[in-house]
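Student: Only the shape, not the letters, is given here:
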């Protein structure tokens, strides 16, 4: 969890210094969804999305979430699993949307 906190804080500091816009809303919504679902959506996924929002524009972050959900659903159907960790699919979506 510490690397995610560091990612968020450094991104927030960078935004404060450069005047870049931050996108905390997608991560905050994912954290709320995790709470409301009894953590069927993990808090780690929400915190990572929140931290990425300090660096990425909201349009790209939302696109990453949509692509990540699609990839996760396809993998879940292919493997016959109802629950999978989301971060690997979010990472794949990051590279699909242009990487870093």
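Tutor: Yep, it's here. Just so you know, these numbers come straight off a predicted model, no measurement behind them. Numbering: from 1, shown residues only.
Student: which residues does the spatially closest residue to residue 42 that is not a sequence neighbour contact?
Tutor: Counting by Cβ to Cβ, 6 or more residues apart in numbering, residue 34 is the residue found nearest to residue 42 once chain neighbours are left out, at 6.2 Å. C-beta: built from backbone N, CA, C; applies to glycine. The contact partners of residue 34, by Cβ atoms under 8 Å, 6 or more residues apart in numbering, come to 40-43, 45-46.
Student: Over to residue 34: give its phi and psi.
Tutor: Note on residue 34: its backbone torsions stand at phi -60, psi -40 [degrees, to the nearest 10].
Student: re earlier: what subset of the contacts of residue 34 is buried?
Tutor: In these, burial by neighbour count holds for 41-42, 45-46, counting by 16 or more other Cβ atoms under 10 Å.
Student: Now secondary structure and pLDDT too, for those, in TSV please.
Tutor: Below are the buried ones among the contacts of residue 34 laid out as TSV (DSSP: H, G, I helix; E, B strand; the rest coil; pLDDT from 0 to 100):
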residue	secondary structure	pLDDT
41	coil	89
42	coil	92
45	helix	94
46	helix	94
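Student: Would you format these as TSV with distance to residue 75 included?
Tutor: Compiled in TSV, the buried ones among the contacts of residue 34 are given as follows (distance: Cβ to Cβ, whole Å):
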residue	distance to residue 75
41	16
42	16
45	15
46	20
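Student: what's the closest of the residues you listed to residue 73?
Tutor: residue 41 (13.5 Å; Cβ to Cβ).
Student: My understanding was that residue 72 contacts residue 82; is that so?
Tutor: No - under the criterion of Cβ atoms under 8 Å, residue 72 makes no contact with residue 82, lying 11.0 Å away.
Student: more crowded one of the two?
Tutor: Set side by side, residue 72 and residue 82 show more neighbours around residue 72, with 21 against 8, by other Cβ atoms under 10 Å.
Student: Per-residue pLDDT of that one, please?
Tutor: If you check residue 72, the pLDDT there is 96.
Student: The longest helix seen in the chain packs against which elements?
Tutor: With DSSP state H setting the assignment, residue counts place helix 58-79 as the longest helix in the chain. Where contact means 3 or more Cβ pairs under 8 Å, 6 or more residues apart in numbering; DSSP states H and E, helix 58-79 is packed against helix 25-36, helix 43-52, helix 87-96.
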